[in-house]
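**Student:** Please find the sequence and the predicted model below.
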Amino acid sequence: MPVFPAGQVWLAGAGPGDPGLLTLHAVNALNQADIVIYDALVGEAILGCARPGAVLEYAGKRGGKPSPKQRDISLRLIELARQGKRVLRLKGGDPFVFGRGAEEALSLRDAGIAFRVIPGISAGIGGLAYAGIPLTHRDTNSCVTFLTGHNAAGEVPDSVDWAAMVRASPVLVIYMAIKHLDLLVAKLRHAGLPAERPAALVSHATLPQMRVLTATLGSIVARAQTAQVAPPALFVVGEVVDLHAVFGASDLQATLQSLPLTGPVPSCQQAS
Ligand code: SAH
């Protein structure tokens with residue numbers, strides 16, 4: 001495992017939530033960092049892998065103050081690196097998947113700060129596997145599309161060619177879909193998807209409070225309202241959702257979820 005040099009920023013993904021989905025590189029970075037700047041989706045069990053004495057700094061909304069602007073976070077990373085700190089920027093999932101990792105990496109490059117990127121398991125991949133929804137299956141699709149329900153302004157992106165996307169991709173995985181779920185469904189229906197197309201919402205994927213709501217495109221908005229699905233959640237549309245009935249409810253999954261825990265993440269024990 002590499003040594004974390006002073007004055008560098010490592011931009012790492014923490015996976016969708018279950019600490020068991022951290023990569024060895026991410027744990028190695030946590031074990032050496034002087035300061036960890038983390039996002040809202042990074043949980044306590046993961047932060048528990050930081051070396052004793054490391055400073056944990058939340059990059060999200062705090063004490064009623066508005067969220068720091070992306071530029072402020074980048075400037076903070078640069079400032080800390082210039083102080084000679086080993087700076088770990090820890091993000092949910094993968095830093096380069098709808099995570100603004102590219103913006104931060106570009107700012108570091110412009111400031112002449114050495115950095116590396118440690119990929120993580122994106123929620124749309126690992127999270128859906130825990131929900132028993134395979135992204136591809138030879139009987140249904142050889143293509144899958146990931147998209148975001150928010151643009152930089154928090155609105156449904158208008159740069160998407162919905163009709164072309166729906167024609168080209170039988171499976172859609174939509175991040176940040178809760179706020180504008182009704183509008184997203186309307187766009188997909190308008191683009192030609194039938195009301196009976198299977199659809200699911202997976203919230204808090206890989207965590208003990210994970211919930212999987214399966215429905216159809218025509219019924220999902222009402223079902224989500226009744227069930228009060230809360231973010232973070234993924235919206236999945238396509239025939240693969242039907243396999244949740246097989247994999248999500250299988251004895252194997254149930255057994256895995258009820259296994260007793262052995263203790264903290266192996267290389268995090270000194271921090272607990
Ligand atoms: N970089 C992250 C995505 C950040 S955007 C990644 O690769 O996973 C934040 C969105 O990710 C949330 O709105 C939600 O759609 C999704 N997400 C992240 N963690 C999740 C989880 N545990 N369960 C369900 N969705 C999750």
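**Tutor:** Arrived safely.

**Student:** Bridged to the residue of the chain found nearest the ligand, which residues?
**Tutor:** Residue nearest to the ligand within the chain: G93 (1.9 Å; C-beta to the nearest ligand atom). (Each C-beta comes from the backbone N, C-alpha and C, glycine too.) Beta-bridge pairing for G93 (DSSP bridges): G15.

**Student:** Tell me how the chain divides into domains.
**Tutor:** 9-121, 124-255 (automatic domain parsing).

**Student:** how far out from the middle of the chain is the shortest one?
**Tutor:** Taking C-alpha atoms, centre = their mean, to the nearest Å, the mean C-alpha location of domain 9-121 is offset from the chain mean by 14 Å.

**Student:** What parts of the chain come near the ligand?
**Tutor:** Residues of the chain lying near the ligand by C-beta under 6 Å from any ligand atom: 16-17, 41, 91-94, 97-99, 122-123, 127, 175-176, 202-207, 231-234.

**Student:** Can you tell me the number of residues neighbouring G192?
**Tutor:** G192 has 10 neighbours, counted by other C-beta atoms under 10 Å.

**Student:** so it, which of the three states?
**Tutor:** Under DSSP: H, G, I helix; E, B strand; the rest coil, the three-state class of G192 is coil.

**Student:** for the residue in the chain sticking out farthest from the centre, phi and psi?
**Tutor:** In the chain, the residue that sits farthest from the middle, by C-alpha atoms, centre = their mean, is Q83; the gap is 30.0 Å. In terms of degrees, to the nearest 10, the main-chain angles of Q83 are phi -80, psi 0.

**Student:** Tell me how far it lies from S159.
**Tutor:** Counting by C-beta to C-beta, to the nearest Å, the gap from Q83 to S159 is 39 Å.

**Student:** repeat for P208
**Tutor:** Distance of P208 to S159, computed by C-beta to C-beta: 37 Å.

**Student:** Who has more neighbours out of those two?
**Tutor:** Each of P208 and S159 has its neighbours counted (other C-beta under 10 Å); P208 has more, 8 against 5.

**Student:** Can you name the residues that contact the more buried one?
**Tutor:** By C-beta atoms under 8 Å, 6 or more residues apart in numbering, the contact set of P208 is empty.

**Student:** which secondary structure element contains it?
**Tutor:** According to DSSP states H and E, P208 maps onto no helix or strand at all.

**Student:** And F235, by the same measure?
**Tutor:** strand 233-237.

**Student:** What is that strand packed up against?
**Tutor:** When contacts are defined as 3 or more C-beta pairs under 8 Å, 6 or more residues apart in numbering; DSSP states H and E, strand 233-237 packs onto strand 171-175, helix 181-190, strand 198-203.

**Student:** can you tell me the average pLDDT over it?
**Tutor:** Computed over strand 233-237, the mean pLDDT rounds to 98.

**Student:** got it, and stretch 120-129?
**Tutor:** Stretch 120-129 comes out at a mean pLDDT of 97.

**Student:** where does it sit relative to the chain's centre, distance-wise?
**Tutor:** 7 Å.

**Student:** Any chance you could list what contacts that stretch?
**Tutor:** Stretch 120-129 is touched from outside by 12-17, 21-23, 26, 91-95, 97, 134-135, 146, 173, 175, 202, 205-206, 232, 234, 236, with contacts defined as C-beta under 8 Å, 6+ apart.

**Student:** re the thing from before, most tightly packed of the domains of the chain?
**Tutor:** domain 9-121 (a mean of 19; mean count of other C-beta atoms under 10 Å).

**Student:** residues making contact with the top helix by length along the chain?
**Tutor:** In the chain, taking DSSP state H as the definition, the longest helix is helix 70-82. Applying C-beta under 8 Å, 6+ apart, the contact partners of helix 70-82 are 7-9, 35, 37, 57, 59, 68, 87, 89, 100, 103-104, 107-108, 111, 113.
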